Structure formats: C-alpha cells, structure tokens
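[1] One predicted model, sequence on top.
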Amino acid sequence: MSVAQTTQPGDGGRGAPDAVLRALADPHRRHMLKLVRSKELAVGEIATHFPITQQAVSQHLHVLERAGLLSERRDGTRRLYAFRPESLDAVRNVLADLWPEALDRLKLVVEQAKSKKQ
C-alpha cells in the first residue's frame, strides 16, 4: 500500500491548511488522530486498530506528522505519537473566513424560498 504525500510545492508544509486538509482526507488518518488525541501511543499500539500492515500505519503517521498534526517522541526504540490540537488552527482560520459567505448564501436561499411561498 502506498500512502500519498501531504505536502506539495507551494502549500507551506507543516501546519499549512492545505497539508492539514489533505492529511485529514484519509479515514485511516482521522481514526489514528482519534486514537492519540488523549494519550501518546506507540506505532504498534495504533496498528492493532487497523487491518493494514504496521509499515502502512507508520507511513500514515509520517504523513500526519509532516502536516503538523502529530508530535513524535522517542522512548528507547519506541516512537510515541500524540495529537497536536493547535495544528488545526490554520484550518479553523480558513473555515472562519469562508463561513460568513456560506451563511450569507444560505440566508439568501431561505429568503428566496420564503418569498416564493408567499
């Protein structure tokens, strides 16, 4: 199994909204983030939750780390991963910029539908 890279030229790399959104697009990666959101876990512990190889899990974790969503800490030979909630700030900012426009469009649609009914 090949895991797609999350960073591409011009996306800003670690913590950039595009890299974070691409990393979050994969359901395996979203599940991995849920597993490590409250405590550090080693690759082997994470891998037990998936029907894929430990190598594939490691590749997914690497993508999440490169996007800035995970931190890695070494404990002897083990690599422990933890969620970095602040990494979602860039995505929150993008969505906050888009949200008012979406609400304005929704308001317009509702008002048009209401006026058609009257």
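    Looks like it arrived, so ask away.
[2] Relative to His49, how far out is the residue lying closest to Ala82 once chain neighbours are set aside?
    Distances taken as Cβ to Cβ, 6 or more residues apart in numbering place Glu40 nearest to Ala82, at 4.5 Å, with adjacent residues excluded. C-beta coordinates here come from the backbone N, C-alpha and C atoms, glycine included. Distance, Glu40 to His49, using Cβ to Cβ, to the nearest Å: 15 Å.
[3] More neighbours: these two, which one.
    Counted by other Cβ atoms under 10 Å, Glu40 and His49 do not tie: Glu40 has more neighbours, with 17 against 14.
[4] pretty sure the more buried one contacts Phe83?
    No - between Glu40 and Phe83 no contact is recorded; they are 9.2 Å apart, counting by Cβ atoms under 8 Å.
[5] What average pLDDT does the longest helix along the chain get?
    With DSSP state H setting the assignment, residue counts place helix 89-117 as the longest helix in the chain. When pLDDT is averaged along helix 89-117, the result is 84.
[6] mind checking how far the spatially most central residue of the chain is from Leu70?
    Nearest to the mean C-alpha position of the chain, by Cα atoms, centre = their mean, lies Leu24 at 3.0 Å. Note on Leu24: its distance to Leu70, by Cβ to Cβ, is 12 Å.
[7] shared neighbours of those two, which are they?
    Leu33 (Cβ atoms under 8 Å, 6 or more residues apart in numbering).
[8] State the distance from the residue nearest to Ala82 to Val57.
    With the distance defined as Cβ to Cβ, Glu40 ends up 15 Å from Val57.
[9] Show me the shaky parts of this protein.
    1-13 (pLDDT under 70).
[10] so where do the helices sit in it?
    In order along the chain, the chain carries the following helices (DSSP H): 17-24, 27-36, 43-47, 54-66, 89-117.
[11] Looking at those, which is nearest to Gly76?
    Taking Cβ to Cβ as the criterion, helix 43-47 is the member of the helices of the chain that comes nearest to Gly76, at 13.1 Å.
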